[in-house]
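Engineer: Structure for the following, please:
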Amino acid sequence: MDSGSKQTRITKRARKLSASRPVASSTRNRAGARAETEGEVTLQQAKFRHMEAVRAHPVAELLECPPEIVLLLNRSAKCLSFEAGEAVFHQSGICRGLYLVITGQFLRRAERLKTRLTLGPARAGDLVELAAALGDNQHTFTLAAQTAGSVLMLPMEALNQAFQSFPPLRMRLLEELAREVSRAYNTCCFSRMSRPRRASSTA
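Structural biologist: Just a heads-up that it's a prediction; the model follows:
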């Protein structure tokens, strides 16, 4: 066998190997991209299931009680109106009851370690101050009207009577408070995670 034919076979073999490498590399890249996509989908599904578990429950469902308890709460409820800028209650003040926003928009503000924090808005349908009503009866933040609006207050006296007569109501509100804390934690984590992304995108 002459050296020319041997060299030809070596050249052909080298061409075959070099042609097969991009295919293998492309296959690996596609597999990696598919696994990454599937991982993102799974993570999104897990986040969705978690958010569904902690989403706010309708007030009608939370306050679903026997007729006599409903009558007690309805009779004691007070409708309060506020102009823009007026405070519904102040942080560290005595909690007079639960507040249900009827109309308008209200803003939650708190002071922690001499730092003022905005905790987010309260809109129609929101049940406000579960922590104080179910805890030590001391407001944990200040609620002020951003626009003219009204709230329905369920006084603590009536709530305590309802809790004694129908204990599941208190448990239901405690579960909603746990969901509220979880939602606030998720929002805080999301905002912290989004900051590095924004910084990297502007760099």
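Engineer: Please count neighbours and contacts with C-alpha atoms only from this point.
Structural biologist: Fine.
Engineer: Could you pull up the mean pLDDT of stretch 81-92?
Structural biologist: In this model, stretch 81-92 carries a mean pLDDT of 95.
Engineer: Please put the alpha-carbon coordinates of it into PDB.
Structural biologist: The C-alpha coordinates for stretch 81-92 follow below in PDB (Å, rounded to 0.1, in the frame of the first residue of the first chain):
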ATOM      1  CA  SER A  81     -66.000  57.500  56.100                       C
ATOM      2  CA  PHE A  82     -62.700  59.200  55.500                       C
ATOM      3  CA  GLU A  83     -61.300  62.000  53.400                       C
ATOM      4  CA  ALA A  84     -58.000  61.700  51.600                       C
ATOM      5  CA  GLY A  85     -55.100  62.100  54.100                       C
ATOM      6  CA  GLU A  86     -57.200  61.100  57.100                       C
ATOM      7  CA  ALA A  87     -55.900  58.200  59.300                       C
ATOM      8  CA  VAL A  88     -58.200  55.300  60.100                       C
ATOM      9  CA  PHE A  89     -55.900  54.200  62.900                       C
ATOM     10  CA  HIS A  90     -52.300  54.700  64.000                       C
ATOM     11  CA  GLN A  91     -49.500  52.300  64.700                       C
ATOM     12  CA  SER A  92     -49.300  51.200  68.400                       C
END
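Engineer: Outside of that stretch itself, list whatever touches it.
Structural biologist: The contact list for stretch 81-92 (CA atoms under 8 Å, 6 or more residues apart in numbering) reads 110, 138-151.
Engineer: Which of those residues are buried, as a ChimeraX select command?
Structural biologist: Here is the ChimeraX selection string for the buried members of the contacts of stretch 81-92, based on 16 or more other CA atoms under 10 Å:
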select :110,138,139,140,141,142,143,144,145,146,147,149,150,151
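Engineer: between the contacts of stretch 81-92, which is closest to Arg116?
Structural biologist: Lowest distance from Arg116 to the contacts of stretch 81-92 (CA to CA) belongs to Ala110, with 5.8 Å.
Engineer: beta partners of that closest one?
Structural biologist: Leu117 (DSSP bridges).
Engineer: The residue lying closest to Ile69 once chain neighbours are set aside sits in which helix or strand?
Structural biologist: Of all residues not flanking Ile69 in the chain, Ala162 sits nearest, at 6.0 Å (CA to CA, 6 or more residues apart in numbering). Ala162 belongs to helix 156-165 when assigned by DSSP states H and E.
Engineer: Let's test this: mean pLDDT of that helix, rounded?
Structural biologist: 95.
Engineer: buried set for it?
Structural biologist: Quick answer for helix 156-165 (16+ other CA under 10 Å): Met156, Ala158, Leu159, Asn160, Ala162.
Engineer: And for stretch 111-125?
Structural biologist: Ala122, Arg123.
Engineer: okay, that stretch in CSV with CA atoms only?
Structural biologist: Listed next in CSV are the C-alpha coordinates belonging to stretch 111-125 (Å, rounded to 0.1, in the frame of the first residue of the first chain):
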residue,chain,number,x,y,z
GLU,A,111,-42.2,52.5,61.4
ARG,A,112,-39.6,49.9,62.2
LEU,A,113,-36.3,50.8,64.0
LYS,A,114,-36.8,54.5,63.1
THR,A,115,-37.3,53.6,59.4
ARG,A,116,-40.6,54.4,57.7
LEU,A,117,-42.0,51.6,55.5
THR,A,118,-44.8,51.5,53.0
LEU,A,119,-46.5,48.1,53.3
GLY,A,120,-48.8,48.5,50.3
PRO,A,121,-52.4,49.6,49.5
ALA,A,122,-55.7,48.3,50.9
ARG,A,123,-58.6,48.3,48.4
ALA,A,124,-62.3,47.5,48.4
GLY,A,125,-62.8,44.0,49.8
